[in-house]
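**Student:** With the input below, show me the fold.
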Amino acid sequence: MNTLLLEPHNGVLHVTLNRPDSRNAMSLEMVNELRAVLADVAGDKSVRALVISGAGGHFSAGGDVKDMARAGAAGGLQALNRAFGTLLQEVEALPQVVIVVLEGAVLGGGFGLVCVSDVAIADHQAQFGLPETGLGLLPAQIAPFVVKRIGLTQARRLALTAARFDGVEALRLGLVHFVEHDPQALAERLDEVLGQVLRCAPGANARTKALLLASGEQVLGPLLDQAAEWFAEAVCGEEGVEGTQAFVQKRRPGWAR
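**Tutor:** Below you'll find the model as predicted:
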């Protein structure tokens with residue numbers, strides 16, 4: 001990997017966006033490398049969670065302007081932009097829990113990654129924003145995910161003003177789940193969240209995530225039919241049997257770490 005650092009540890013894959021000289025701007029190469037990692041991880045049951053952070057004190061400053069210049073004509077720009085949207089779809093749909101740790105710049109494409117994460121932990125001084133309209137551009141692939149994350153009213157305000165805001169405001173908006181005031185507190189919060197994730201059954205987490213994501217898109221009756229089918233499969237499945245036996249026997253289930 002030229003743009004990412006990968007570190008597997010105890011069932012967790014730590015992915016560091018590693019273009020610190022550009023505040024981890026998301027080049028097409030980085031997008032493609034992230035997509036390759038996701039493709040490998042999606043079917044790997046030994047990986048329970050993915051933690052995404054940025055090198056050099058920044059998460060990501062957004063899209064790489066140099067890539068846009070190289071893309072040239074409208075067709076190339078359209079393909080470049082859509083590739084990032086596909087990445088966002090794949091991150092959102094990943095069966096594993098996706099956690100982002102946010103410092104410094106969290107702009108544009110970096111903001112989009114936050115919107116498709118399951119848990120977001122931010123430094124209080126992190127700087128969030130959708131700067132595209134201030135550059136004469138559109139947050140084209142990011143916009144639907146921002147609306148899903150924080151609602152249409154706030155998404156309109158942020159996108160149409162290109163306003164910047166800090167981690168405290170991000171927490172108020174519901175963009176992130178935790179805000180910490182120093183690197184040690186960030187690390188401790190990450191450890192706490194990972195400990196919680198690793199106590200949950202991985203198969204049950206994957207199905208629950210799929211159910212939650214479908215709840216905003218599918219008709220309720222068919223969705224509840226599907227949920228009932230998945231519930232029955234879970235109760236009779238390996239995890240359900242192990243989980244109920246562990247509860248009765250007052251011990252930790254086999255998947256808990």
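**Student:** same for the helix or strand residue 144 falls within, what does it pack against?
**Tutor:** Per DSSP states H and E: residue 144 is located in helix 143-150. Applying 3 or more C-beta pairs under 8 Å, 6 or more residues apart in numbering; DSSP states H and E, one finds that helix 143-150 contacts helix 109-115, helix 152-161. All C-beta spots, glycine's among them, are computed from the backbone N, C-alpha and C.
**Student:** continuing past the lengthiest helix in the chain, what's the next helix or strand?
**Tutor:** Identified as the longest helix of the chain according to DSSP state H is helix 74-93. Following helix 74-93 in sequence order, the next helix or strand is strand 97-102 (DSSP H and E).
**Student:** Residue 252: how many residues sit nearby?
**Tutor:** Residue 252 has 10 neighbouring residues, counting by other C-beta atoms under 10 Å.
**Student:** and if you look at residue 165?
**Tutor:** Residue 165 has 16 neighbouring residues, counting by other C-beta under 10 Å.
**Student:** surely it meets residue 126?
**Tutor:** No. Using C-beta atoms under 8 Å, residue 165 makes no contact with residue 126, being 9.4 Å away.
**Student:** which secondary structure elements does the longest helix of the chain contact?
**Tutor:** Applying 3+ C-beta pairs under 8 Å, 6+ apart, one finds that helix 74-93 contacts helix 28-42, helix 65-71, helix 109-115, helix 202-214.
**Student:** repeat that with 10 Å
**Tutor:** Packed against helix 74-93 by the contact rule (3 or more C-beta pairs under 10 Å, 6 or more residues apart in numbering; DSSP states H and E) you find helix 28-42, helix 65-71, strand 97-102, helix 109-115, helix 143-150, helix 202-214.
**Student:** Between those, which has the poorest mean confidence score?
**Tutor:** Mean pLDDT per stretch puts helix 65-71 lowest among the helices and strands packed on helix 74-93, at a mean of 78.
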